[in-house]
Structure formats: C-alpha cells, structure tokens
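Chemist: please work out how this folds:
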Amino acid sequence: KNTQYRYWIDGDSKEKLVDISYETNPPVNPDNLNSIAKVRLDSVDLVVVMGLINEVSNFFTPPNPVDLSELREGARKRLEERLQDTKERLREAIEARQRNLIDIRIKAPCIVIPE
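Modeler: Below you'll find the model as predicted:
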C-alpha cells in the first residue's frame, strides 16, 4: 500500500463503486412486487495514457490476418440463445402476473485524455 496511486487503490469515498442487489419476495412491499433488482455504478475518472494503450493494442495485434468468422458466428448464436431465453422468461413473468422492479443507476465516467 506504499504507492503514489493510493487514491486509485483505496479511493476516498465511503460509497462502493459498484453495488448490485437482488431480492425475491421483499418483506417491505407496498407495491406487491415479486422481486427487486438494483444496480448502482458510481462515476469514475479515467485518465487515458496513449503510450500504454498503444503498447497493449500492439501486444494483442496478431502478426498475420486472423479469420474471425467462426468467433462472430459463435457470438451471434450465443446472443440469439440469450435473447430467446430472455423472451421466454418475460413471457412466463407476464403470464404469471409477476411484478418485478429493475432499478439501474449509472453515473457517467469522466474521461481525461492528456495532450
């Protein structure tokens, strides 16, 4: 912990950067909800160091052209499966007349790119 970047490691806030909670059949429930999902993402300050970005990019750049068609196809199939699963779950929730609350609060990051 002896570092000049202590603020980045420990932070200076009592609040969490990310807070995720999910509750089924909440006890205090005036709206008759079946579940509550909450996501909170606090704002972060990002300082972009172009030299580091370029080095990381060069490290992951393959020397020869790579065929990504199989990877794209696999990702597309997986996305379609997730979409179908989500549709089925939403349909079940509607048919069962479930009431769910999804509360997502995301604060925008501050991105600094020095000259």
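
Chemist: pLDDT weak spots in this structure?
Modeler: Residue ranges of the chain with pLDDT under 70: 1-15.

Chemist: name whatever forms a beta bridge with the residue minimising distance to the centre of it.
Modeler: What sits nearest the mean C-alpha location of the chain, by CA atoms, centre = their mean, is Leu41, with 8.7 Å. Beta-bridge pairing of Leu41 under DSSP bridges involves Val18, Ile106.

Chemist: the one 5 residues further on now?
Modeler: Beta-bridge partners recorded for Leu46 (DSSP bridges): Ile111.

Chemist: quick one: contacts for it?
Modeler: Shown in contact with Leu46 (CB atoms under 8 Å, 6 or more residues apart in numbering): 109-112. To be clear about C-beta, it is placed using only N, CA and C from the backbone, and glycine gets the same treatment.

Chemist: now it: how far from Ile104?
Modeler: Look at Leu46 and Ile104: by CB to CB, to the nearest Å, they are 20 Å apart.

Chemist: what's the answer for Leu83, then?
Modeler: Relative to Ile104, and taking CB to CB, Leu83 is found at 19 Å.
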